[in-house]
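Asker: give me a 3D structure for the following:
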Amino acid sequence: MSLQKLITDINAAADAPSLEITDKERSDILLAADRLRTAYERPFEVALRILLGVHAATVLRVAVDLKLFDIAASAEGAPVTIEQLASNAGADALLTKRLLRMLGAINMFKQIDAQTYVLTPIGAGFVTQSPLSAATVHITQIGEMVAKIPTFLEKTEYRNPTDAYNSPFQLTMGTDLLYWDWLKTRPRDQEAFNITMGLNRATRGINWFEFYPVQENLVVETDSDIVLVDIGGGIGHDLSAFHEKYPALKGKLILEDLPIVIESVKDIPKKVEALAQDFFQPQQIKGAKAYYLRSILHDWPDKQALEILARIKEAMNEKSILIVNENATPEVGASLFEAQGDIQMMAAFGSLDRTSKQFEELLDTAGFTLVKIWKPEVHIPGTGTLFEAVLKNN
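Answerer: Model (predicted):
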């Protein structure tokens, strides 16, 4: 194939993207596009793309803070001038012009002339009501911590972080608090985190109970027995979806999280009972059929993760099972998204996105036997992996 035909075919595919496409196909297309770019980029171009990536994220965050996307969206598709955007945002006109230059380069705005821009469909996705706006606030905040990793590692003589109380987060923010305790004092950041976690759930692929044998494994004798405890389950996204899929499943469903989170729980099924529970404290629910952790352990290095697992172990009986739903980083061929997630865990929590082998070792140390690892038939980066475990010598 000639290069000219390749260029023509790529542009044709970009001009008329398929509207009917599966998540797997979309992931494969993006991977192929990345491989194509990698094949033709020179080292200097690679360096520029990587090292200058923070500039676009930073400008995007400022634009969200200034509500530039909301202001432009209010024009309902009509062009807006730099002066209009600056005046409505309460920002300096020259500053706004410089921000729009970058926003135009990343396709958030389309430039009409020297003084006029129009919001693009991509940019419209960052208005305040959009979860992408909250994700921008949250992830750029994590970016501040990522930027401090070199300084942190130099101070610790390049030792892998092992304690949630000693991570790049504490260095960045000048605090002795855990990230979670610090977050409670910052309402906007707390809200941004909560929304971003909801967005993660929505984009994480197939739900765990779609590929796990629920009706075979989660069996109790009566409706008064507790069939599933969702530990650190937020405001109930997972349990609500679980109940919708299995409304006739016998047994109670328990949603647990910190009091501040449980206070905000609303619109959950009647069968779901919300209970305030710190997972570092003794587990209130004893002898449930299943204890479920979703994206909890990756927030904690082994030191604290073992404490969490110890509290669950104390509450389990010989019939109980532990279900851990996490991103399992591949031992070979991790994607950029997966590698980035691991570095975010280091930056904010001194933790890590573990491999399947590391999860098995963690569970073994905590006194569990890994029964089986469950994955959906189509497993794309970010899709959860289930680790089913029971008490040792069970």
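Asker: from now on I want contacts and neighbour counts done on CA atoms only, so please keep to that.
Answerer: Will do.
Asker: so V324 is in which element?
Answerer: Using DSSP states H and E, V324 maps to strand 321-326.
Asker: any idea of the mean pLDDT for that strand?
Answerer: The average pLDDT within strand 321-326 is 97.
Asker: what residues does it touch?
Answerer: 208, 289-298, 384-391 (C-alpha atoms under 8 Å, 6 or more residues apart in numbering).
Asker: in the helix or strand bottoming out on mean pLDDT in the chain, what's buried?
Answerer: Sorted by mean pLDDT, DSSP states H and E, the helices and strands of the chain end with helix 187-202, the least confident at a mean of 83. Across helix 187-202, burial judged by 16 or more other C-alpha atoms under 10 Å covers 189-198, 201.
Asker: now for these, which pair is the farthest apart?
Answerer: By the measure C-alpha to C-alpha, D189 and R201 form the most distant pair in these, at 18.5 Å.
Asker: where in the stretch 151-300 of the chain is pLDDT low?
Answerer: Within the stretch 151-300 of the chain, the stretches with pLDDT under 70 are 201-204.
Asker: hey, where'd the helices end up in it?
Answerer: Ranges of helices in the stretch 151-300 of the chain, per DSSP state H, counting those that start in this stretch, are 168-173, 179-184, 187-202, 214-217, 237-245, 259-262.
Asker: so which of the ones you listed comes closest to S320?
Answerer: With C-alpha to C-alpha as the measure, helix 214-217 is the member of the helices of the stretch 151-300 of the chain nearest S320 (10.2 Å).
Asker: helices or strands next to that closest one in the packing?
Answerer: Judged by 3 or more C-alpha pairs under 8 Å, 6 or more residues apart in numbering; DSSP states H and E, helix 214-217 is in contact with no other helix or strand.
Asker: just how off-centre is that helix within its chain?
Answerer: Taking C-alpha atoms, centre = their mean, to the nearest Å, one finds the center of helix 214-217 at 28 Å from the center of the full chain.
Asker: check stretch 386-394 too.
Answerer: Centre to centre, stretch against its chain (C-alpha atoms, centre = their mean), the figure for stretch 386-394 is 26 Å.
Asker: spit out the contact partners of the residue nearest to I82 when sequence neighbours are not counted.
Answerer: Closest residue to I82 apart from its sequence neighbours, by C-alpha to C-alpha, 6 or more residues apart in numbering: Q115 at 5.6 Å. Q115 is in contact with 81-83, counting by C-alpha under 8 Å, 6+ apart.
Asker: gap between Q115 and L60?
Answerer: Separation of Q115 from L60 (C-alpha to C-alpha, to the nearest Å) stands at 19 Å.
Asker: ok, now G174?
Answerer: Counting by C-alpha to C-alpha, the gap from G174 to L60 is 25 Å.
Asker: looking at those two, which is more packed in?
Answerer: Legend: neighbour count by other C-alpha atoms under 10 Å for G174 and L60, higher for L60 (26 against 9).
Asker: wasn't the more buried one part of a strand?
Answerer: No - with DSSP: H, G, I helix; E, B strand; the rest coil as the criterion, L60 is located in helix rather than a strand.
Asker: quick one: contacts for it?
Answerer: So L60 contacts 103, 136 (C-alpha under 8 Å, 6+ apart).
Asker: what about the strands in the stretch 51-200 of the chain?
Answerer: With strands called from DSSP state E, counting those that start in this stretch, the stretch 51-200 of the chain shows them at 80-81, 109-113, 116-119.
Asker: most packed of these?
Answerer: Highest mean neighbour count of those: strand 116-119, a mean of 22 (counted as mean count of other C-alpha atoms under 10 Å).
Asker: tally of neighbours for A248?
Answerer: Neighbour count for A248, taken as other C-alpha under 10 Å: 9.
Asker: that one: what's it in contact with?
Answerer: Contacts of A248 by C-alpha under 8 Å, 6+ apart: none found.
Asker: start the count at 248, not 1, going forward
Answerer: Shifting the count to begin at 248 puts that one at A495.
Asker: among the strands of the stretch 298-447 of the chain, which is nearest A303?
Answerer: Closest among these, using C-alpha to C-alpha: strand 356-360, at 13.0 Å.
Asker: pairing partners for that closest one, with directions?
Answerer: If you go by DSSP bridges, strand 356-360 pairs up with strand 363-366 (antiparallel).
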